[in-house]
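Engineer: Provide a 3D model corresponding to the input given below.
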Amino acid sequence: MGRWWALLWCAAAGAVLPGLAPPVAAESWDRIGRYAELIRQAGTQTLVANDCPPALMGAFHEGRNALLLCANNLANDPVQIWTVLAHESAHVMQHCHNGPLLAVEQLGEARETIRKQSSQALRELRLYHPSQQREELEARLVQGLPAAEVEALFRRFCAERLIRR
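Structural biologist: Okay, here's the model as predicted:
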């Protein structure tokens, strides 16, 4: 079990854990399909568009409860598609949880992890409005987790929506 998964899992329970794990990603088409189905079971639409603006790879629209993948900007590569799906699903988790996934005191360590993984990702975070940076930081952490951990987090944060269906 990765330490970020444990950190986010404990954040859901209000606890704090030190230490972080490096990101792990890469998935199969089958795993992507199963995870998209789980997201749909929680009541979120999963959509694929072929007409997204350049550079937009995906999005989550909270008001419509819809996750979008931009096929015209994504390679036919399960690793890239999984990364975008995991990232956008973090926003679904935030929506299910009615707020952030990490406690305020965990943000500095989270930002440092992103910096160590990719200085470009940290620069990209700064392009967002300050009110969006926390959500994007969490999404970048989730996208770097192994698929089983992403799914477990989704089940944890969106459990109530899955039970009602």
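Engineer: now the strands: where do they sit in the chain?
Structural biologist: Shown for the chain, the strands assigned by DSSP state E span residues 45-49, 58-61, 66-70.
Engineer: Minimum distance to Gln132: which of these has it?
Structural biologist: Closest approach to Gln132 among these (Cβ to Cβ): strand 58-61, 11.9 Å. Just so you know, the C-beta spots here come from the backbone N, C-alpha and C atoms, and that holds for glycine as well.
Engineer: Now do the buried residues in the closest one.
Structural biologist: Within strand 58-61, the residues that count as buried by 16 or more other Cβ atoms under 10 Å are Gly58, Ala59, Phe60.
Engineer: quick one: the closest residue to the second one other than its chain neighbours and Leu153, what's the gap?
Structural biologist: Think Ala59. Nearest non-adjacent residue to Ala59, counting by Cβ to Cβ, 6 or more residues apart in numbering: Leu68, 4.7 Å away. Using Cβ to Cβ, to the nearest Å, Leu68 is found at 20 Å from Leu153.
Engineer: Between these two, which has more neighbouring residues?
Structural biologist: Each of Leu68 and Leu153 has its neighbours counted (other Cβ atoms under 10 Å); Leu153 has more, 23 against 20.
Engineer: dump the residue contacts of Ala90.
Structural biologist: Contacts for Ala90 (Cβ atoms under 8 Å, 6 or more residues apart in numbering) come out as Leu101, Glu138, Ala139, Leu141, Val142, Gln143.
Engineer: Can you flag the buried ones in those residues?
Structural biologist: Leu101, Glu138, Ala139, Leu141, Val142, Gln143.
Engineer: Among those, which lie within helices?
Structural biologist: Using DSSP state H, Glu138, Ala139, Leu141, Val142, Gln143 are the members of those that sit in helices.
Engineer: quick one: which of those is nearest to Val79?
Structural biologist: Nearest member of those to Val79, counting by Cβ to Cβ, is Gln143, at 11.0 Å.
Engineer: nearest spatial neighbour of the closest one, skipping sequence neighbours?
Structural biologist: Nearest residue to Gln143, sequence neighbours excluded (Cβ to Cβ, 6+ apart): His87, at 4.0 Å.
Engineer: Could you do Met57 as well?
Structural biologist: Spatial nearest neighbour of Met57, chain neighbours left out: Val84 (4.8 Å); criterion: Cβ to Cβ, 6+ apart.
Engineer: residues of the longest helix along the chain that come out buried?
Structural biologist: Assignment by DSSP H gives helix 78-97 as the longest helix of the chain. By neighbour count on 16+ other Cβ under 10 Å, the buried set for helix 78-97 is 78, 81-96.
Engineer: CA atoms only: put it into CSV for me.
Structural biologist: Provided in CSV are the C-alpha atoms of helix 78-97 (Å, rounded to 0.1, in the frame of the first residue of the first chain):
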residue,chain,number,x,y,z
PRO,A,78,-3.8,3.6,-21.8
VAL,A,79,-1.2,5.1,-19.6
GLN,A,80,-2.1,8.7,-20.6
ILE,A,81,-5.8,8.0,-20.6
TRP,A,82,-5.6,6.4,-17.1
THR,A,83,-3.6,9.4,-15.8
VAL,A,84,-6.3,11.8,-17.0
LEU,A,85,-9.1,9.6,-15.8
ALA,A,86,-7.5,9.3,-12.4
HIS,A,87,-6.9,13.1,-12.2
GLU,A,88,-10.5,14.0,-13.1
SER,A,89,-11.8,11.3,-10.8
ALA,A,90,-10.0,13.1,-7.9
HIS,A,91,-12.3,16.0,-8.7
VAL,A,92,-15.3,13.6,-8.5
MET,A,93,-14.0,12.5,-5.1
GLN,A,94,-13.8,16.1,-4.0
HIS,A,95,-17.4,16.5,-5.1
CYS,A,96,-18.6,13.4,-3.3
HIS,A,97,-16.7,14.5,-0.2
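Engineer: Kind regards, and thank you for your time.
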